[in-house]
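J.: Sequence and predicted structure are below.
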Amino acid sequence: MRRAAKEGRTLLNETDSKKLLSTYDITATIPRLARNSDEAASVADSVGYPVVMKIASDDISHKSDIGGVRLGLQSADEVKQLSRP
């Protein structure tokens with residue numbers, strides 16, 4: 001929260017929000033960041049399917065409003081296809 005305040009942010013991103021919840025022993029999903037389609041497929045393979053993918057941006061608070069959330073992905077190929085620019 002200190003970092004967000006120093007950066008002038010008024011909203012926590014998903015990763016920072018989940019860290020805050022875990023600090024108080026509140027159960028939450030664990031986000032994993034992938035920077036390209038191969039990393040996304042590798043992360044999905046490691047956690048198991050189905051997976052959810054969300055766009056990662058501090059500037060977008062309502063990801064679903066812009067089509068930035070994909071639910072129920074069933075394979076590495078599907079993850080790779082949807083994570084390409």
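T.: Ah, there it is.

J.: Now do the domain split for the protein, please.
T.: Using automatic domain parsing, the domain parsing of the chain gives 1-31, 33-85.

J.: Which one of the ones you listed has the poorest average confidence?
T.: With a mean of 87, domain 1-31 has the lowest mean pLDDT of the domains of the chain.

J.: circling back to that earlier point, just the domains of the chain: most buried one?
T.: Comparing the domains of the chain by mean neighbour count (mean count of other CB atoms under 10 Å), domain 33-85 comes out on top with a mean of 14. For glycine as for every other residue, the C-beta is placed from the backbone atoms N, C-alpha and C.

J.: How far away from the center of its chain is stretch 36-53?
T.: Relative to its chain's centre, stretch 36-53 lies at 11 Å (CA atoms, centre = their mean, to the nearest Å).

J.: Stretch 17-30 now?
T.: For stretch 17-30, the distance to the chain centre is 14 Å (CA atoms, centre = their mean).

J.: That one: end-to-end distance?
T.: One end of stretch 17-30 to the other measures 10 Å (CA to CA, to the nearest Å).

J.: Mind listing residues that contact stretch 25-45?
T.: Residues from elsewhere that reach stretch 25-45 (CB atoms under 8 Å, 6 or more residues apart in numbering): 14-15, 17-18, 21-22, 47, 51, 53-54, 56, 73, 76-77, 79-81, 83-84.

J.: Show me the residues you listed that map onto helices.
T.: Members of the contacts of stretch 25-45 lying in helices (criterion: DSSP state H): 14, 15, 17, 18, 21, 22, 47, 76, 77, 79, 80, 81.

J.: out of the residues you listed, who's nearest residue 5?
T.: Closest approach between these and residue 5, by CB to CB: residue 17, at 14.2 Å.

J.: any idea how far the closest one lies from residue 80?
T.: To residue 80, residue 17 is 27 Å away according to CB to CB, to the nearest Å.
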